[in-house]
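**Student:** model this:
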Amino acid sequence: YPLCALPPTTKQWYQRRVHGESNTGATVMDLKFFSFWIFLLSCSSGILGGDLSLYEYFQGDGINEGLTANGDEFKLNGKDLKILSGSLHYFRVHPSFWKTRLQQYKAAGLNTVDVYVPWNLHEPQRGEFDFGGGSSQFSPFLNLTLFLEMIREEDMFALLRPGPYICGEWEFGGLPSWLLHDHPMYFRSSFGPYQERAEILLHEIISRVKHLQFYTESGSKGGPLIMTQIENEFGNYGYGDHPRDKEHLKFLKSVLRQEGIETLLFTSDTPTLTGDWGNIDYELMTANFKWKSLEELERLKEIRPNAPILVSEFWPGWFDHWFEPNHEILSEEDFRGILGNIFNFNGSVNFYMFHGGTNFAFMNGANVIGFGGAEVAPNYEADVTSYDYDAPLTESGHYTAKYNATAEMIAAYDPLYDLLSHPPRPAIAPASTYSDVTFTEFIPYWDIIEKIPEQFREVLAKPTPMEKLDINNGNGQSYGYIVYRKTLPLLPGMVLKIRGHPRDLVQVMINGVEVNPPVLTVGDLMKNFGSFGLRDAEFELLSHLDGCEAGCTLDLMVENLGRANFGSPHNFQQLKGLWEGDVLLDDQPLDDWEHIAVEMKPEWLATLDNWQPYSLEDNLHFGPRLLKGTLTVDVPTPENGLLPDTFFDYDCDEGCMDWKHGAVFVNGFNIGRYHQAGPQKSLYIPGPLLHQGENTIIVFENYLGSDVMKFTNIPNYGVPVTHV
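**Tutor:** Sure, this is the predicted structure:
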């Protein structure tokens, strides 16, 4: 239902409640009940706010000034503005849903959209830029100009966060892995080679968006861009209270200005942790937080007493890691309390996230476990595929109690609410449970590797990380799997040893048959050979050695589970594969390995022609494999032409638990990873990826897999819990 505007006298009463000005002792439950009564009253009276659009109000008779941040209020074109924003990552949401999501934001009372820009997608190889015209599965997601124009069409402003580093639980914080191909490389610093590439990126971005600024002195006006961020959480990038490399921030600021950005600039950090360590030139300082909101707001006001408050990231939920026991959430009561505190401080806010979306393909980020350089076993945690974030809108765009709470509280708080028009909430179609998929064809591991072209194979003396391979025009390998292959005599009782940590997950194959146990539970992380949690791990070869006295093929397949997106400077030197030390057999180093890049790109999958008939009963041994089946869709097509969403269910009672770990491709689109380690136990499939009739489903399963895939209309993110 649309949230209707409040009658003025009732609205004033509610504002006093939100701001704590009433002494009648209203509780959160009182406010929720009262808000629902207001909703019924205002809707029955037919009040839908005013008739003005956001742009009509702020443009007035002409645009003479952009956003300013002097005193207690933001002003846009000389008029007070409460920034009420929500983060929306265009690269995590299917483009068919962009317009609807923006309409949902607007219907909640938001007036601004916060926009990250991921370097790794927009420049997948050095000098090769993709803003919608490329050939990768993400190319249709990358028309940044179109997305910003759409924000304008839906009557909202935009906060631009162009990086180069974005964090965001995104692979490598949005940095492209080809930067690791060169050594040395010092990220997020005034190191010349890094800044050279960062400047080129910013030029490419700004050249496509600078005409969309709300105000420029001599150029175009009336666009959605009102603020631009310098880097991202730079105060956290360092050790203790040692000074940060602010020369790098000054360089990025100079590039923004030289390229034509004239908006207000800002930085963001958590004030009680890093103060203004990540701020330069007294540009607007903003705050990121969830808990201890009062302390953060007070500290921000202490540091910047003469500037308005903007919480650039209010975290209304959180993200999850594989192998964790629970799905982390924030209760509606806590959500209301924190948002109320921000409003009590006369603050503006950006909900990070208002709608999270999905880490499609291999684009999930990760975290290093520890703080300030000290690490705790197993040292590393990869983020799950879902970026639901327990946000006000779910991963599939459905409304939640937090959405209702946001709409209620904004209606009471925003001084312009009654002047401006507010659209109704778009209807969101329910997800569907499609018919089962039966897998009838497969390609075993050995045959998969045989299909890797010669240009993705390289013999090197020592085990070398994927980023250092001389492939992809000198850019190395970014994502997927890398196989280290060597043919040699093998005998029972020989001990294989990997020095250092593998990065990240190793499967040991002898003549194509896996011999080490899988890593499926948190207990396996510190026990089973091949886990990233073990250092200098050893494994005794005991099985599948018949005839190996004369020589067998030893393969070490290593999966890149995602690069960390946050951490100390040394954490960004995160190469994937085997590289921290030698691989030894009975304490003798093994040299001259063939390196095979298994990138698992959809366009490569489409070329495979060696599919074989599949029988689960004949393939109950552990080991990687590709499985193929057909999803037949025969349902009425909705008016918008988009078929219903669905979820791959790998937690059902009938065979679903055989799906151990892997990645799913729907009509050639990699929807992401699954893992029985949880907490996530379903995988989101957007309806626009499907079509009527036959849809091809391919699964790369690391360990076992089933012959049936089942779907559900209810996502399973794990047992919810709130961590303080």
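**Student:** surely Tyr165 meets Arg188?
**Tutor:** Yes: taking contacts as C-beta atoms under 8 Å, Tyr165 lies within contact range of Arg188: 5.4 Å. Any C-beta I mention is one placed from the backbone N, CA and C, and that applies to glycine too.
**Student:** joint contacts of those two?
**Tutor:** Counting by C-beta atoms under 8 Å, 6 or more residues apart in numbering, the common neighbours of Tyr165 and Arg188 are Glu231.
**Student:** my guess is Asn120 is in a strand, correct?
**Tutor:** No: using DSSP: H, G, I helix; E, B strand; the rest coil, the assignment for Asn120 is helix, not a strand.
**Student:** That one: what's it in contact with?
**Tutor:** Contact analysis of Asn120 by C-beta under 8 Å, 6+ apart lists Trp170, Glu171, Phe172, Gly174, Leu175, Pro176, Ser177, Met363, Ser478.
**Student:** Pick out whichever of those residues sits closest to Thr433.
**Tutor:** Distance ranking of the contacts of Asn120 against Thr433, using C-beta to C-beta, places Met363 first at 26.9 Å.
**Student:** Show the contacting residues for that closest one.
**Tutor:** If a contact means C-beta under 8 Å, 6+ apart, then Met363 has Phe91, Asn120, Leu121, Trp170, Glu171, Gly562, Gly672 as its contacts.
**Student:** out of the residues you listed, which is most surrounded?
**Tutor:** Gly562 (29 neighbours; other C-beta atoms under 10 Å).
**Student:** Any idea how many residues pack against the closest residue to Pro602 other than its chain neighbours?
**Tutor:** Nearest residue to Pro602 in three dimensions, chain neighbours excluded: Gly668, at 4.3 Å (C-beta to C-beta, 6 or more residues apart in numbering). A total of 14 residues lie near Gly668 under the criterion other C-beta under 10 Å.
**Student:** Surely Gly668 touches Leu608?
**Tutor:** No: the criterion here is C-beta under 8 Å, and Gly668 misses it with Leu608 at 11.7 Å.
**Student:** Tabulate the CA atom coordinates of stretch 119-139 in PDB.
**Tutor:** Backbone C-alpha positions of stretch 119-139 (Å, rounded to 0.1, in the frame of the first residue of the first chain) are rendered in PDB as follows:
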ATOM      1  CA  TRP A 119      36.600  -0.500 -10.900                       C
ATOM      2  CA  ASN A 120      37.100  -4.200 -11.500                       C
ATOM      3  CA  LEU A 121      33.900  -4.400 -13.700                       C
ATOM      4  CA  HIS A 122      34.400  -1.200 -15.600                       C
ATOM      5  CA  GLU A 123      38.100  -2.000 -16.400                       C
ATOM      6  CA  PRO A 124      38.300  -5.800 -16.500                       C
ATOM      7  CA  GLN A 125      41.600  -5.700 -18.300                       C
ATOM      8  CA  ARG A 126      44.200  -2.800 -18.300                       C
ATOM      9  CA  GLY A 127      42.900  -0.200 -20.800                       C
ATOM     10  CA  GLU A 128      39.700  -2.100 -21.700                       C
ATOM     11  CA  PHE A 129      36.700  -0.200 -20.400                       C
ATOM     12  CA  ASP A 130      33.200  -1.500 -20.200                       C
ATOM     13  CA  PHE A 131      30.300   0.900 -19.500                       C
ATOM     14  CA  GLY A 132      27.700  -1.300 -21.100                       C
ATOM     15  CA  GLY A 133      29.200  -2.100 -24.400                       C
ATOM     16  CA  GLY A 134      31.300  -5.000 -23.500                       C
ATOM     17  CA  SER A 135      30.900  -8.800 -23.900                       C
ATOM     18  CA  SER A 136      30.900 -10.100 -20.300                       C
ATOM     19  CA  GLN A 137      27.800 -11.200 -18.500                       C
ATOM     20  CA  PHE A 138      28.000  -8.000 -16.400                       C
ATOM     21  CA  SER A 139      28.100  -5.600 -19.400                       C
END
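**Student:** Output stretch 662-670 as PDB, nothing but the C-alphas.
**Tutor:** This file holds the C-alpha atoms of stretch 662-670, laid out as PDB (Å, rounded to 0.1, in the frame of the first residue of the first chain):
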ATOM      1  CA  GLY A 662      29.900 -25.000  -6.600                       C
ATOM      2  CA  ALA A 663      28.600 -22.400  -8.900                       C
ATOM      3  CA  VAL A 664      25.400 -22.300 -11.000                       C
ATOM      4  CA  PHE A 665      24.900 -20.900 -14.500                       C
ATOM      5  CA  VAL A 666      21.400 -20.100 -15.800                       C
ATOM      6  CA  ASN A 667      21.300 -19.600 -19.600                       C
ATOM      7  CA  GLY A 668      25.000 -18.800 -19.500                       C
ATOM      8  CA  PHE A 669      24.700 -16.300 -16.600                       C
ATOM      9  CA  ASN A 670      26.800 -17.200 -13.400                       C
END
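**Student:** On the strand side of things, show who the residue sitting nearest the centre point of the chain bridges to.
**Tutor:** Closest to where the C-alpha atoms of the chain average out (C-alpha atoms, centre = their mean) is Trp170, at 4.2 Å. Using DSSP bridges, the beta-bridge partners of Trp170 come out as Asn364.
**Student:** That one reaches Pro118, doesn't it?
**Tutor:** Yes: if you go by C-beta under 8 Å, Trp170 and Pro118 touch, sitting 5.8 Å apart.
**Student:** quick one: Thr632 is in a strand?
**Tutor:** Yes: using three-state DSSP, the assignment for Thr632 is a strand.
**Student:** distance of it from Asp51?
**Tutor:** Using C-beta to C-beta, to the nearest Å, Thr632 is found at 49 Å from Asp51.
**Student:** ok, these two, which is more surrounded?
**Tutor:** Ranked by neighbour count (other C-beta under 10 Å), Thr632 and Asp51 place Thr632 first, with 12 against 9.
**Student:** hey, where'd the helices end up in the stretch 51-200 of the chain?
**Tutor:** Assigned by DSSP state H, counting those that start in this stretch, the stretch 51-200 of the chain shows helices spanning 54-59, 98-107, 119-122, 144-153, 192-209.
**Student:** Poorly predicted segments of the stretch 501-650 of the chain, please.
**Tutor:** By pLDDT under 70, the stretch 501-650 of the chain has no low-scoring segment.
**Student:** residue ranges for the helices of it, please.
**Tutor:** Per DSSP H, counting those that start in this stretch, the stretch 501-650 of the chain carries helices over the ranges 522-525, 602-605.
**Student:** Of all these, which one is nearest Asn713?
**Tutor:** Proximity to Asn713 (C-beta to C-beta) singles out helix 602-605 among those, at 25.9 Å.
**Student:** now the helices for the stretch 301-450 of the chain?
**Tutor:** Using DSSP H, counting those that start in this stretch, helices in the stretch 301-450 of the chain cover 332-344, 401-413, 445-450.
**Student:** Check these for me and report the most buried one.
**Tutor:** Among the helices of the stretch 301-450 of the chain, helix 401-413 has the highest mean neighbour count (mean count of other C-beta atoms under 10 Å), at a mean of 23.
**Student:** list the helices and strands that helix packs on?
**Tutor:** Packing contacts for helix 401-413, counted by 3 or more C-beta pairs under 8 Å, 6 or more residues apart in numbering; DSSP states H and E, involve helix 8-18, helix 28-44, helix 332-344.
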